[in-house]
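Chemist: return a 3D structure for these sequence lines:
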Amino acid sequence: MQKKGNITDDYMTVGELAKKMGTTVRTLQYYDKEGVLSPTAESEGGRRLYTYKDMIKFHQIQSLKSLGFSLDDIKNKLISLDTPAEVAKVLDQQALYIQEKIQQLTSSLKAVEALRTEVLQMQTVDFKKYADIIVNLQMNNEYYWLIKHFDNDILDHLRSRFDKESGGVFMERFNQLNNKAADLQKNNIPPEDDKVQALVKEFWDMVIEFTNGDMSMISKLVEFKDDISTSSDSNNEWTKKQVNVNEYLQPAFELYFQKAGINPFEGE
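Modeler: Model prediction:
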């Protein structure tokens, strides 16, 4: 630390720096103690003195702190400010950190707005479902809105049966079957056609896989299907497509169950 005989305009006391930067003397003393920002000089009377360079460093520290960095993190990120290039590098880093923070906050804002929409569409306060919706929003699951239509039994089953990866794969397979059904419907293929019957079997196999053979869940899935078709979500494209596919495949399912001797509601 430099020794200065007189305090000139190029130096500030801790109180003066605190006032200029809108902070407290205690904060600056704490940063000094932690080795994050120490005074550049000391007067002959023992007063600790800061420079305008220290002021820029303080601004850098506060910026990093506002982005969630700890003081230990900040110690490792501070660099010297002796050349224009070094100052520019600091500003570039801060700009990058701010951009990352903006992206995070934008994602958080979208999640909050999406959750608000779901909450208003639910009949009762259900924090467990809220938590599920938040988790699925964080996973970027585009089907998060389906959660409000499931009852607690199905949600418990989903939590135990699927993780992010397996759940995503299952939905992709399900959507592929829906696309096949839509193509068959477009071409007016009748329910008894082998292609339609083969598709119905694939759907039924997925139902068995989803329920893990628990037939008591079939009626709940039917209630879920009916719920989304009459809810405010009935206007989105995925639901419209699902409703059309269900109507098209209904007679095909009845024929398939009759031929296979299956009663989907047996044991209910």
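Chemist: can you show me the helices along the stretch 151-268 of the chain?
Modeler: Using DSSP state H, counting those that start in this stretch, the helices of the stretch 151-268 of the chain run over residues 152-161, 164-186, 194-211, 218-230, 237-260.
Chemist: out of those, which comes closest to residue 30?
Modeler: helix 164-186 (41.7 Å; C-beta to C-beta). In short, each C-beta sits where N, CA and C put it, glycine included.
Chemist: what helices and strands are in contact with that closest one?
Modeler: The helices and strands touching helix 164-186, judged by 3 or more C-beta pairs under 8 Å, 6 or more residues apart in numbering; DSSP states H and E, are helix 194-211, helix 237-260.
Chemist: got the ones you listed as a markdown table, with mean neighbour count, mean pLDDT and distance to residue 26 columns?
Modeler: Output for those, formatted as a markdown table (neighbours: other C-beta atoms under 10 Å; pLDDT from 0 to 100; distance: least, C-beta to C-beta, whole Å):
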| stretch | mean neighbour count | mean pLDDT | distance to residue 26 |
| --- | --- | --- | --- |
| helix 194-211 | 16 | 93 | 60 |
| helix 237-260 | 15 | 91 | 56 |
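Chemist: residue 74 belongs to a helix, doesn't it?
Modeler: Yes - Residue 74 sits within a helix when classified using DSSP: H, G, I helix; E, B strand; the rest coil.
Chemist: my read: it touches residue 64, true?
Modeler: Yes - applying C-beta atoms under 8 Å as the test, residue 74 and residue 64 come out as touching, 4.9 Å apart.
Chemist: one step back: of all the helices of the stretch 151-268 of the chain, which lies closest to residue 94?
Modeler: helix 164-186 (33.3 Å).
Chemist: the inter-axis angle of that closest one versus helix 194-211?
Modeler: An angle of 160 degrees separates the directions of helix 164-186 and helix 194-211 when computed by axes from the mean of the first three to the mean of the last three C-alpha atoms, to 10 degrees.
Chemist: what sits up against helix 164-186?
Modeler: 139, 141, 143, 158, 162, 193, 195-196, 199, 202-203, 206, 209-210, 241-242, 244-245, 248-249 (C-beta atoms under 8 Å, 6 or more residues apart in numbering).
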